[in-house]
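Participant: Next one to model:
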Amino acid sequence: MANIGFIGLGNMGVPMALNLMGSGHDVRGYDVSPDARDAADQKGIALALGNADAVSNADIVVLMLPNGSIVDTVASEVLPAMIKGALLIDCSTIDVATARQLHANADAAGILCLDAPVSGGVVGAEAGTLTFMVGGSEAAFAMGDPLFGIMGSRGVHCGEGGAGQAAKICNNMLLGISMIGACEAFSLASKLGLSQSALFDVVSTSSGSCWSVNTYCPVPDVGPQSPADNDYQPGFAASLMLKDLDLSQQAADDVGAPTPLGRHATDLYKAMVDAGHAGTDFSGIIKYLETQTRKGQA
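Facilitator: Below is the predicted model:
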């Protein structure tokens with residue numbers, strides 16, 4: 001079993017750390033937030049005195065942090081304190097450029113590195129069903145892969161450093177676009193007098209079939225249980241979808257990739273968040289869209 005340092009004990013980090021502990025790994029965690037540390041302590045997670053202390057004896061270090069700037073700051077503290085040849089796994093969702101720089105800094109420090117953002121949200125973290133999109137060397141992936149099967153269902157090796165972040169933002173850009181499309185279709189069906197359950201039965205078994213309908217339907221009492229059945233409590237908050245969409249557009253600008261639907265989805269989620277719905281599940285954009293007036297109509 002491995003000695004694991006875990007930095008970032010928020011809503012995602014705590015259940016991920018607990019799943020590692022449940023498999024017999026020795027986990028020491030840290031979070032800059034006193035409230036997060038208290039919550040982790042109550043769950044039985046051993047706490048370190050700080051970031052460097054959490055990683056000083058670790059074979060593997062896991063980061064689960066809010067953004068690239070924080071990852072960069074924390075990495076500057078932990079890389080010099082880590083054992084040479086140890087593995088750093090960054091499970092945060094950050095921009096591709098920062099992820100690639102993290103790999104370069106780790107390599108210079110004699111540390112193996114993986115960028116491994118996740119899909120599945122808090123529910124997946126608690127259930128151990130997350131999917132990890134992983135970038136890094138074959139050697140680093142071989143070392144980290146057993147942990148992905150504990151914290152989640154699997155890790156998908158997407159390529160070299162930064163490839164995991166690239167896969168995450170492309171996937172979530174598509175998810176944001178498809179959710180808006182699903183919401184527009186159900187809203188139109190309602191106005192046309194078509195029952196939403198009938199539309200679900202058609203779409204889920206025909207050419208419009210997609211995860212945003214089949215698994216995470218944005219209207220209540222239709223399809224499998226989803227946040228729509230719980231007044232759009234997240235789930236995956238609209239603010240987090242906006243963060244990922246912003247990252248997708250930053251990456252698209254960096255490489256000159258045309259993503260007009262990605263841009264439009266970003267603008268719509270920004271409008272939703274600015275209207276005070278940052279903490280609403282991202283599928284709740286159906287309620288925001290229904291408040292908008294079609295151009296040219298009263």
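Participant: Could you chop the protein up by domain?
Facilitator: With domains defined by automatic domain parsing, the chain comprises 3-159, 166-290.
Participant: Now tabulate these in JSON lines and tack on mean neighbour count and mean pLDDT.
Facilitator: Placement of C-beta: from N, CA and C, glycine included. As requested, the domains of the chain are exported to JSON lines (neighbours: other Cβ atoms under 10 Å; pLDDT from 0 to 100):
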{"stretch": "domain 3-159", "mean neighbour count": "20", "mean pLDDT": "96"}
{"stretch": "domain 166-290", "mean neighbour count": "18", "mean pLDDT": "96"}
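Participant: how close does residue 185 get to residue 204?
Facilitator: Look at residue 185 and residue 204: by Cβ to Cβ, to the nearest Å, they are 12 Å apart.
Participant: now do residue 258
Facilitator: Using Cβ to Cβ, residue 258 is found at 31 Å from residue 204.
Participant: what's the answer for residue 230, then?
Facilitator: Using Cβ to Cβ, we find residue 230 at a distance of 20 Å from residue 204.
Participant: now residue 61
Facilitator: Applying Cβ to Cβ, the value for residue 61 to residue 204 is 42 Å.
Participant: Residue 255 now?
Facilitator: Remark: distance between residue 255 and residue 204 (Cβ to Cβ) = 35 Å.
Participant: Now do the strands in the stretch 101-250 of the chain.
Facilitator: Shown for the stretch 101-250 of the chain, the strands assigned by DSSP state E, counting those that start in this stretch span residues 112-115, 118-119, 130-136, 152-159.
Participant: just checking, residue 94 touches residue 63?
Facilitator: No - applying Cβ atoms under 8 Å, one finds residue 94 not in contact with residue 63, separated by 9.7 Å.
Participant: what is in contact with those two at once?
Facilitator: When contacts are counted by Cβ atoms under 8 Å, 6 or more residues apart in numbering, residue 94 and residue 63 are jointly contacted by residue 71.
Participant: Which helix or strand contains the nearest residue to residue 72 once chain neighbours are set aside?
Facilitator: Leaving aside its chain neighbours, residue 72 sits nearest to residue 98 (6.0 Å; criterion: Cβ to Cβ, 6 or more residues apart in numbering). Element membership of residue 98, judged by DSSP states H and E, is helix 96-108.
Participant: ok and that helix relative to strand 130-136, angle-wise?
Facilitator: Following axes from the mean of the first three to the mean of the last three Cα atoms, to 10 degrees, one obtains 60 degrees for the angle between helix 96-108 and strand 130-136.
Participant: who's in contact with helix 96-108?
Facilitator: 68-69, 71-72, 75-76, 79, 88, 90, 112-113, 115, 135-136, 160-162, 164-166, 169, 247, 251, 254.
Participant: With stretch 237-245 instead?
Facilitator: Surrounding stretch 237-245, the residues in contact under the criterion Cβ under 8 Å, 6+ apart are 67, 93, 168-169, 172-173, 175-176, 234, 262, 265-266, 269-270, 272-273, 277-282, 284-285.
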